[in-house]
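Undergrad: structure, please.
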Amino acid sequence: MLRWMIGVVLFLVSGTSATSSVVASASEKNAAYVEAVPRARALVAKKNLARYTVIKDPQKYFSEVLVAPSTVPKSHFHRLSEVKDLKLKKPIAEGEYLTLDYILTDADSLELMMPPGHVAITLAINPEGIAGGCVLPMDRCDLVLTLELDDGSSSSATILTNALILATDIAAATSEKGPKLSMTVTLAVLPRQVRRLRELSSWGELRIFLAKHK
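TA: Have a look, this model is predicted:
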């Protein structure tokens with residue numbers, strides 16, 4: 001009887017050890033599987049943020065997290081360094097992923113400045129033809145077309161008045177005479193004016209004057 005009881009105890013002990021080994025082995029496999037699953041880095045809002053918030057300190061507003069790729073929206077940001085000094089174009093709630101849809105772009109800025117019923121048109125301007133000083137976005141200007149006549153003289157006419165300047169850009173260009181500056185100005189105009197303005201701009205040189213009648 002004593003031998004039988006000892007045998008049962010040894011069997012139970014060995015069985016428990018074997019079960020523990022199996023459980024431990026399964027846990028190790030699960031841990032290895034979890035580590036092997038792909039992870040995507042994403043930014044999550046730490047708190048509710050209002051529209052037009054400037055992300056000057058990304059770490060204050062967002063956290064970098066590792067999540068399953070299938071749970072992350074497209075066009076999401078990966079690291080805090082990518083969003084420094086960007087501006088939100090709409091509110092974001094705590095726990096939401098930060099994506100490009102939340103960021104204010106140049107195109108969005110133009111749309112916000114655009115008067116109702118207007119569209120944007122970009123025209124090439126000779127920087128030397130700017131009259132009235134420096135022009136900046138939200139200034140008002142008059143657009144003047146200068147034509148070279150056959151007798152060597154020139155003629156000028158105002159083709160647009162009190163137009164809202166949405167953006168300006170100056171870049172270096174190369175011509176037959178060497179390097180020179182080129183400038184473009186984006187204006188807010190009525191849709192019916194676009195075709196005519198493009199046609200007239202090909203006839204001669206455009207100049208802009210800061211408008212006095214704002």
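
Undergrad: now the longest strand anywhere in the chain: average pLDDT?
TA: The longest strand of the chain (DSSP state E) is strand 154-175. Summarised as a single mean, pLDDT over strand 154-175 is 84.

Undergrad: export it as CSV, just CAs?
TA: Backbone C-alpha positions of strand 154-175 (Å, rounded to 0.1, in the frame of the first residue of the first chain) are rendered in CSV as follows:
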residue,chain,number,x,y,z
SER,A,154,4.5,101.3,-75.4
SER,A,155,1.0,101.5,-74.2
SER,A,156,-0.4,100.6,-70.8
ALA,A,157,-3.9,99.8,-69.6
THR,A,158,-5.4,98.7,-66.3
ILE,A,159,-7.0,95.3,-66.8
LEU,A,160,-8.0,94.5,-63.2
THR,A,161,-8.6,96.7,-60.2
ASN,A,162,-8.7,96.2,-56.5
ALA,A,163,-7.7,92.5,-56.7
LEU,A,164,-6.9,90.6,-53.5
ILE,A,165,-3.4,89.1,-53.4
LEU,A,166,-3.5,85.6,-52.0
ALA,A,167,0.2,84.7,-52.4
THR,A,168,3.5,85.8,-54.0
ASP,A,169,6.6,83.9,-55.0
ILE,A,170,10.0,85.0,-56.3
ALA,A,171,12.5,82.6,-57.8
ALA,A,172,15.8,82.8,-59.7
ALA,A,173,15.5,82.2,-63.5
THR,A,174,18.0,82.1,-66.4
SER,A,175,17.6,84.1,-69.6
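
Undergrad: can you name every helix or strand that it contacts?
TA: Packed against strand 154-175 by the contact rule (3 or more C-beta pairs under 8 Å, 6 or more residues apart in numbering; DSSP states H and E) you find helix 106-113, strand 140-148, strand 178-189, helix 191-201. C-beta here means a position set from N, CA and C on the backbone, and glycine is covered the same way.

Undergrad: ok, then the element right after the worst-scoring helix or strand of the chain on mean pLDDT?
TA: Ranking every helix and strand in the chain by mean pLDDT, DSSP states H and E puts helix 2-36 at the bottom, with a mean of 50. Proceeding N to C from helix 2-36, the next assigned helix or strand is strand 40-45, under DSSP states H and E.

Undergrad: ok and the longest strand of the chain relative to helix 191-201, angle-wise?
TA: Here strand 154-175 points in a direction 80 degrees away from that of helix 191-201 (axes from the mean of the first three to the mean of the last three C-alpha atoms, to 10 degrees).

Undergrad: sheet partners, orientation included, of strand 154-175?
TA: Neighbouring strands of strand 154-175 in its sheet, by DSSP bridges, are strand 140-148 (antiparallel), strand 178-189 (antiparallel).

Undergrad: cheers, nothing more for now.
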